[in-house]
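Asker: okay, sequence plus prediction incoming.
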Amino acid sequence: MPDSRQFVIDNLSVKESWRLFRIMAEIVDGFDDMEGVGPAVSIFGSARTKPEDPDYRTTQTLARLLSEAGYDIITGGGPGLMEAANKGAKEGGKGRSIGLHIELPFEQKSNDFLDLRISFRYFFVRKVVFVKYAMAYIALPGGFGTLDEIAEALVLIQTRRIKPFPVILLGSSFWGGLVDWFKSTLLERGFIDEHNLDLFRVMDTPEEAVAYIKRHVIV
C-alpha cells in the first residue's frame, strides 16, 4: 500500500510550488501595472476614519496639493483616509490616483476615486510595490497597518536596503507619544542610535509636508 505520509508530504510540496508561482506572478503583474508611475508619494492612514473627521479633510488637502504639484498618489485603495487621499489626488488633477488593494475579509473595499487599481493577495508583495514606486511616505493617524508600513520603510532605510527618502508623520498630537517612546525607551536602552531619529520628520500641516517633499523629490 502507498505510504499515506509520503502522499501528504508530496501533496504539500506541490501546493507550495504553485504558491511560489502565484507569488512571482503577483510581483511581475504588479511591476507591469505600475510601469510609468512616478514620481509618487505613498499616503497611509486609518481605513476607519469618517469623512466628517478633521483627519479626512487634512488628508484630502494634502493629496490635492501633492497632485497639483505633479506627484502621483499611492494608497491602499480602501476607505477612510485612503479614500480621502485618492479623492484629493483626483481633485488635484495632475497626479494619478493609485490604489494598491489588498484582499481582506473586512474593511478593505476599494474606494471610488482611483485611476489605477491593483489587487494583491499577499501583503508582502504589496509592500514591495509600495516601496519600489514611492519616493516619499506620509503617515496620517492610523492603526497597526499604518504602523507596519512606516516601520517597514524605516527599517529598510536604517539597514541601507533602500535609498533614504522622506518619511513624514503628519500630526504631532497623534505621533508625539510614539516619538517620545522612541527617545525615552528605544534610544535610552540602545536599541536605536540617535541618528536614526533623523530618518523621519513630524509635521502638522499639509503645506509643510508638501514643501518638504518638493525640496527633496523633484518632479
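Answerer: In hand now; what should we look at? Numbers count the residues shown, from 1 in each chain.

Asker: right, and the helix or strand after the least confident helix or strand in the chain by mean pLDDT?
Answerer: Within the chain, confidence by mean pLDDT, DSSP states H and E is lowest for helix 4-33 among all helices and strands, at a mean of 73. The helix or strand immediately downstream of helix 4-33 is strand 40-44, counting by DSSP states H and E.

Asker: what lines up beside that next one in the sheet?
Answerer: strand 72-75 (parallel), strand 134-139 (parallel) (DSSP bridges).

Asker: tell me which of the ones you listed sits most buried.
Answerer: Mean neighbour count (mean count of other CB atoms under 10 Å) peaks for strand 72-75 among the strands paired with strand 40-44, with a mean of 30. C-beta coordinates here come from the backbone N, C-alpha and C atoms, glycine included.

Asker: re earlier: switch the strands paired with strand 40-44 over to TSV; also include mean pLDDT and distance to L20.
Answerer: TSV is the format used below for those (pLDDT from 0 to 100; distance: least, CB to CB, whole Å):
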stretch	mean pLDDT	distance to L20
strand 72-75	96	26
strand 134-139	96	26
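
Asker: tabulate the ones you listed in TSV, adding columns for distance to A153.
Answerer: Putting these into TSV (distance: least, CB to CB, whole Å) gives the following:
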stretch	distance to A153
strand 72-75	13
strand 134-139	5
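
Asker: ok, the nearest residue to L140 once chain neighbours are set aside - contacts?
Answerer: Excluding the flanking residues, the one nearest L140 by CB to CB, 6 or more residues apart in numbering is G45, at 3.4 Å. Neighbouring residues of G45 by CB atoms under 8 Å, 6 or more residues apart in numbering: 55, 59, 80-82, 84-85, 139-142, 146.

Asker: quick one: pLDDT of G45?
Answerer: Note on G45: pLDDT of 97.

Asker: one more: V37?
Answerer: The model reports V37 with a pLDDT of 86.

Asker: and P164, by the same measure?
Answerer: pLDDT at P164 comes out at 92.

Asker: quick one: what helix or strand has the closest residue in space to it that isn't next to it in sequence in it?
Answerer: The spatial neighbour of P164 that comes closest, neighbours along the chain excluded (CB to CB, 6+ apart), is I157 at 5.1 Å. Mapping I157 onto the secondary structure by DSSP H and E places it in helix 144-158.

Asker: good, we can wrap up now.
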